[in-house]
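S.K.: Give me coordinates for this.
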Amino acid sequence: MSLFKNIFSKEKKETLDKGLEKSNASFFGKLSKAVAGKSKVDDDVLDNLEEVLVASDVGVATTLKIIERIEARVARDKYLGTDELNKILREEIAGLLSETNVGEATEFSIPREKKPYVIMVVGVNGVGKTTTIGKLAAQFKRKGLKVVLGAGDTFRAAAIDQLQVWADRVNVPIVKQKMGSDPASVAFDTVQSAVNQDADVVIIDTAGRLHNKVNLMNELSKIKRVMQKTIAEAPHDVLLVLDGSTGQNAFEQAKQFTKATEVTSLAVTKLDGTAKGGVVIGISDQFQIPVKYIGVGEGVDDLQVFNKHEFVDSFFK
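M.R.: As a prediction, this is how the structure comes out:
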């Protein structure tokens, strides 16, 4: 059996299927109406499909790209039956995701040659940022990696306390200062502490305020500069956490954060409580940033490494 099959276990696949159940049911309910009474894919079906994809939070630009690809196949094959539409959609969307999500991650891992590997986590308050950090710490520790957390969201006492709860639960060290401290100072101390402890992974939380983009930009730039005094290429990954249940609002957040800093990967959370799973497809395509993790439930194991083939399989189940 391949490594992929071992890692992406039956249990994980069932969790993913369940997490995308609402998105799947909503999409196919709309798709059935779109092709009702039609036997071939024609302009009417494509118009209806366009509406279905937009309504499923795939986003207008990505939807148009998918429709163009299907139109090209209709023109090439001359006749496509509506019964083939599901298969074609799977293929085209998997192809689209492959352009951004190159390779196939199968487990929680980091490049071992970069030690400590520094992950800076960004995102607005309420998207599940701190919870994602806690779950990531748990998954990395399970892999035998030494993890250090940094409580860089110093503007909310609740953020520091919440991260402390996760640090205690996972039993990993946390570096923190009092509320209102300079976030860059916390980041510097965290990286120094990680180097001293010979840690493998550093995960640093940051404030999730978008009300003033200039301040956010300056703050994130300062955090990076300060960390680079200790580790020249830090952060190795800037992970943007988005709440999938907010649909189009997640697009707006991605737009704001990609303007404020160089985002290198995405985590899309709360997909289990929503029918807006299509947002994963649109955001990955529009921002050309790979989706690294998705959240499909409350448990630690419900944060999964994103696998484009398994995702598309569950979405179109």
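S.K.: Which residue ranges of this structure form helices?
M.R.: Counting by DSSP state H, the chain has helices at residues 3-7, 10-19, 21-35, 43-55, 60-77, 85-100, 129-142, 157-170, 183-196, 213-227, 248-260, 279-287, 308-315.
S.K.: Any chance of JSON lines for those helices, columns distance to residue 207?
M.R.: All C-beta spots, glycine's among them, are computed from the backbone N, C-alpha and C. JSON lines is the format used below for the helices of the chain (distance: least, C-beta to C-beta, whole Å):
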{"stretch": "helix 3-7", "distance to residue 207": "34"}
{"stretch": "helix 10-19", "distance to residue 207": "28"}
{"stretch": "helix 21-35", "distance to residue 207": "31"}
{"stretch": "helix 43-55", "distance to residue 207": "33"}
{"stretch": "helix 60-77", "distance to residue 207": "30"}
{"stretch": "helix 85-100", "distance to residue 207": "27"}
{"stretch": "helix 129-142", "distance to residue 207": "10"}
{"stretch": "helix 157-170", "distance to residue 207": "8"}
{"stretch": "helix 183-196", "distance to residue 207": "6"}
{"stretch": "helix 213-227", "distance to residue 207": "7"}
{"stretch": "helix 248-260", "distance to residue 207": "11"}
{"stretch": "helix 279-287", "distance to residue 207": "21"}
{"stretch": "helix 308-315", "distance to residue 207": "30"}
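S.K.: Go through those helices and pick out the most buried.
M.R.: Among the helices of the chain, the stretch with the highest mean neighbour count (mean count of other C-beta atoms under 10 Å) is helix 279-287, at a mean of 24.
S.K.: got a list of contacts for that helix?
M.R.: 57-59, 61-63, 65, 93, 96-97, 99-101, 242, 244, 247-248, 250-251, 254-255, 258, 263, 266, 268, 271, 289-291, 294, 306, 311 (C-beta atoms under 8 Å, 6 or more residues apart in numbering).
S.K.: so what's the closest residue to residue 290 other than its chain neighbours up against?
M.R.: Nearest residue to residue 290, sequence neighbours excluded (C-beta to C-beta, 6 or more residues apart in numbering): residue 101, at 4.7 Å. Residue 101 is in contact with 284, 290-291, 306, 308, counting by C-beta under 8 Å, 6+ apart.
S.K.: and if you look at residue 89?
M.R.: Residue 89 touches 66, 70, 316, counting by C-beta under 8 Å, 6+ apart.
S.K.: didn't the second one look like it was pressed against residue 41?
M.R.: Yes - Residue 70 is within contact range of residue 41, at 7.0 Å (criterion: C-beta atoms under 8 Å).
S.K.: Which neighbours do the two have in common?
M.R.: residue 85.
S.K.: On the pLDDT front, check residue 314 for me.
M.R.: For residue 314, the pLDDT comes out at 86.
S.K.: Same check on residue 299?
M.R.: 87.
S.K.: With the one 3 residues further on instead?
M.R.: Reported pLDDT at residue 302 in the predicted model: 89.
S.K.: Report how many residues lie close to it.
M.R.: By the criterion of other C-beta atoms under 10 Å, residue 302 has 19 neighbours.
S.K.: That one against residue 295, yeah?
M.R.: Yes - using C-beta under 8 Å, residue 302 is in contact with residue 295, at 6.3 Å.
S.K.: Find residues that contact each of the two.
M.R.: 135, 272.
S.K.: who does residue 117 bridge with?
M.R.: residue 201 (DSSP bridges).
S.K.: Next up, the contacts around it.
M.R.: Residue 117 neighbours (C-beta under 8 Å, 6+ apart): 110-111, 200-202, 236-237.
S.K.: Just send those residues back as CSV, with distance to residue 88 too.
M.R.: Output for the contacts of residue 117, formatted as CSV (distance: C-beta to C-beta, whole Å):
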residue, distance to residue 88
110, 37
111, 36
200, 43
201, 41
202, 44
236, 38
237, 34
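S.K.: Identify, from those, the entry nearest to residue 137.
M.R.: residue 201 (7.9 Å; C-beta to C-beta).
S.K.: how near is residue 82 to residue 20?
M.R.: 23 Å (C-beta to C-beta, to the nearest Å).
S.K.: circling back: write the PyMOL selection for whichever of the contacts of residue 117 are buried.
M.R.: Selecting the buried subset of the contacts of residue 117 in PyMOL, with 16 or more other C-beta atoms under 10 Å as the burial test, is done by:
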select buried, resi 110+200+201+202+236+237
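S.K.: As CSV, the contacts of residue 117 with distance to residue 34 and pLDDT would be great.
M.R.: Supplementary listing: those in CSV, determined by distance: C-beta to C-beta, whole Å; pLDDT from 0 to 100:
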residue, distance to residue 34, pLDDT
110, 43, 87
111, 44, 87
200, 49, 97
201, 45, 97
202, 48, 98
236, 44, 96
237, 39, 96
